[in-house]
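J.: Provide a 3D model corresponding to the input given below.
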Amino acid sequence: MHNRYLIFIVLLIILFSSYALGDERISPSPMIITSDHVLWDKEEGITVLTGNVKVIKEEDEVYAKKMKIWGDFNDIKKITGYKDITIINKKGQSIITGDYFEYRKKEDYILIVGNAKLIAKKDKIEVTSQKMEKYFKKHLSIASNKVTIVSEDSKATGELLKFFEEKEKAILTGVPKLIQKDNAFSGEKIIFYTGEDKIEIRGNVKSVIYLEKESSKNE
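T.: Reported below is the predicted structural model:
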């Protein structure tokens with residue numbers, strides 16, 4: 001296991017920070033938005049885009065069937081996206097998909113729910129769960145409900161994954177299991193120390209290991 005298993009966290013930070021959602025620290029760059037229909041409700045302060053919504057900014061692209069934006073484009077308060085959500089980061093060669101996403105500026109919070117999936121092509125990693133969250137102020141990222149992390153030679157599953165960025169530590173709970181080749185490991189808690197590339201399993205640890213057969217002397 002390696003910290004690249006948690007690459008979806010980094011990608012979410014890159015993606016939504018780059019959109020400069022009211023953050024003056026990010027250098028300005030053009031954002032291109034297209035859709036089949038736009039409704040601007042000045043009184044309510046809401047812009048609704050429907051039909052093949054596409055947002056492009058530098059290396060990032062966001063697709064949705066419908067998108068709502070609260071506030072004006074110089075001071076966005078909240079964004080929601082519905083149906084067939086696809087978020088592409090060309091630089092990181094990654095794709096994030098889901099049924100719904102939400103950004104709330106006040107809480108500095110991002111949410112993706114409904115068959116959430118990250119595909120990191122460069123590192124050949126796939127992360128799936130029903131819910132992914134990012135709390136910027138708390139430096140905390142969470143994946144929950146049927147979490148699965150798959151690489152070329154291993155697979156980890158559980159119900160809740162919390163990544164504490166400042167501590168460089170991720171904790172997988174909810175009957176967590178780790179499978180590497182034919183070997184399986186489980187416990188109450190699996191801890192990934194991303195900065196050290198180290199794994200710790202705590203509580204009722206169980207390991208099923210298949211030893212390689214020694215070659216016969218007569219062979």
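
J.: Report the buried residues of stretch 49-64.
T.: 49-50, 53, 55, 57, 60-64 (16 or more other CB atoms under 10 Å). Every residue, glycine included, has its C-beta placed from N, CA and C.

J.: remind me, longest strand of the chain?
T.: strand 75-89 (DSSP state E).

J.: quick one: strands adjacent to that strand?
T.: strand 60-72 (antiparallel), strand 94-104 (antiparallel) (DSSP bridges).

J.: In PDB, please show the C-alpha coordinates belonging to it.
T.: Extracted C-alpha coordinates of strand 75-89, given in PDB (Å, rounded to 0.1, in the frame of the first residue of the first chain):
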ATOM      1  CA  ASP A  75     -18.300  35.100  -5.300                       C
ATOM      2  CA  ILE A  76     -19.700  31.600  -5.600                       C
ATOM      3  CA  LYS A  77     -21.400  30.400  -2.300                       C
ATOM      4  CA  LYS A  78     -22.400  26.900  -3.400                       C
ATOM      5  CA  ILE A  79     -22.400  24.600  -6.400                       C
ATOM      6  CA  THR A  80     -24.400  21.400  -6.900                       C
ATOM      7  CA  GLY A  81     -24.200  19.000  -9.800                       C
ATOM      8  CA  TYR A  82     -26.600  16.200 -10.800                       C
ATOM      9  CA  LYS A  83     -26.500  13.000 -12.800                       C
ATOM     10  CA  ASP A  84     -23.600  11.600 -14.700                       C
ATOM     11  CA  ILE A  85     -21.000  13.600 -12.900                       C
ATOM     12  CA  THR A  86     -17.600  13.300 -14.500                       C
ATOM     13  CA  ILE A  87     -14.500  15.300 -13.300                       C
ATOM     14  CA  ILE A  88     -11.400  15.000 -15.400                       C
ATOM     15  CA  ASN A  89      -7.900  16.200 -14.400                       C
END
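
J.: D72 - how many residues pack around it?
T.: Burial of D72 is recorded as 12 neighbouring residues (other CB atoms under 10 Å).

J.: With L211 as the reference, measure out to the residue nearest to it when sequence neighbours are not counted.
T.: Using CB to CB, 6 or more residues apart in numbering and skipping residues adjacent in sequence, the residue nearest D72 is G45, 7.7 Å away. Distance, G45 to L211, by CB to CB, to the nearest Å: 65 Å.

J.: More neighbours: those two, which one.
T.: G45 (12 against 6).

J.: Phi, psi for the more buried one please.
T.: Here is the backbone geometry of G45 (degrees, to the nearest 10): phi 70, psi 30.

J.: Using CSV, lay out the strands paired with strand 75-89 together with mean pLDDT and distance to T34.
T.: Shown next, in CSV, are those (pLDDT from 0 to 100; distance: least, CB to CB, whole Å):
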stretch, mean pLDDT, distance to T34
strand 60-72, 90, 10
strand 94-104, 90, 18
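
J.: Now render these as CSV, adding distance to D36.
T.: Putting the strands paired with strand 75-89 into CSV (distance: least, CB to CB, whole Å) gives the following:
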stretch, distance to D36
strand 60-72, 10
strand 94-104, 19
